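# below are the sequence and a predicted model for it; my questions follow.
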Amino acid sequence: MYNLFTKQVHFVQKNYFFELTFSSTSMFYRAIIQIIIMESVG
């Protein structure tokens, strides 16, 4: 029971870390794409 709980907590932590990394990366790429579009339009 305790082992299952720790596994679940570990899984949630890993998922949260992945979400955090992925969202910040996509925001970063979105900013770069916007800059490229601005440069090509301007």
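Great, that's in hand.
# phi and psi next, for F5.
phi -60, psi -50 (degrees, to the nearest 10).
# which regions of the chain lie under the pLDDT threshold?
Low-confidence segments of the chain (pLDDT under 70): 1.
# helices of that one, residue ranges please.
Assigned by DSSP state H, the helices in the chain fall at 2-41.
# go ahead and flag the most central residue of this protein.
F22 (1.9 Å; CA atoms, centre = their mean).
# can you give me the distance of that residue to Y16?
11 Å (CB to CB, to the nearest Å). For every residue, glycine as well, the C-beta is placed using N, CA and C.
# from S40, how far out is the residue nearest to the centre of the chain?
On the measure of CB to CB, F22 and S40 end up 27 Å apart.
# tally of neighbours for T21?
Using other CB atoms under 10 Å, T21 has 10 other residues around it.
# from I33, how far out is it?
To I33, T21 is 19 Å away according to CB to CB.
# one more: V9?
Distance of V9 to I33, computed by CB to CB: 36 Å.
# go on, H10?
From H10 to I33 the distance is 35 Å (CB to CB).
# swap in T25?
13 Å.
# with F5 instead?
Separation of F5 from I33 (CB to CB) stands at 42 Å.
# how about Q8?
Taking CB to CB, one finds Q8 at 37 Å from I33.
# please apply the same query to S40.
According to CB to CB, S40 and I33 sit 11 Å apart.
# among the two, which residue is more densely surrounded?
Using other CB under 10 Å, the more surrounded residue of S40 and I33 is I33, with 10 against 7.
# show me the contacts for that one.
Contacts for I33 (CB atoms under 8 Å, 6 or more residues apart in numbering) come out as none.
# neighbours of E39, how many?
Residues within reach of E39, counting by other CB under 10 Å, total 8.
# same deal with N3?
Neighbourhood size, N3 [other CB under 10 Å]: 7.
# likewise the one 4 residues further on?
The number of residues packed near K7 is 10, by other CB under 10 Å.
# how close does it sit to Q13?
In terms of CB to CB, K7 sits 11 Å off from Q13.
# also G42?
Computed as CB to CB, the G42 to Q13 distance reads 43 Å.
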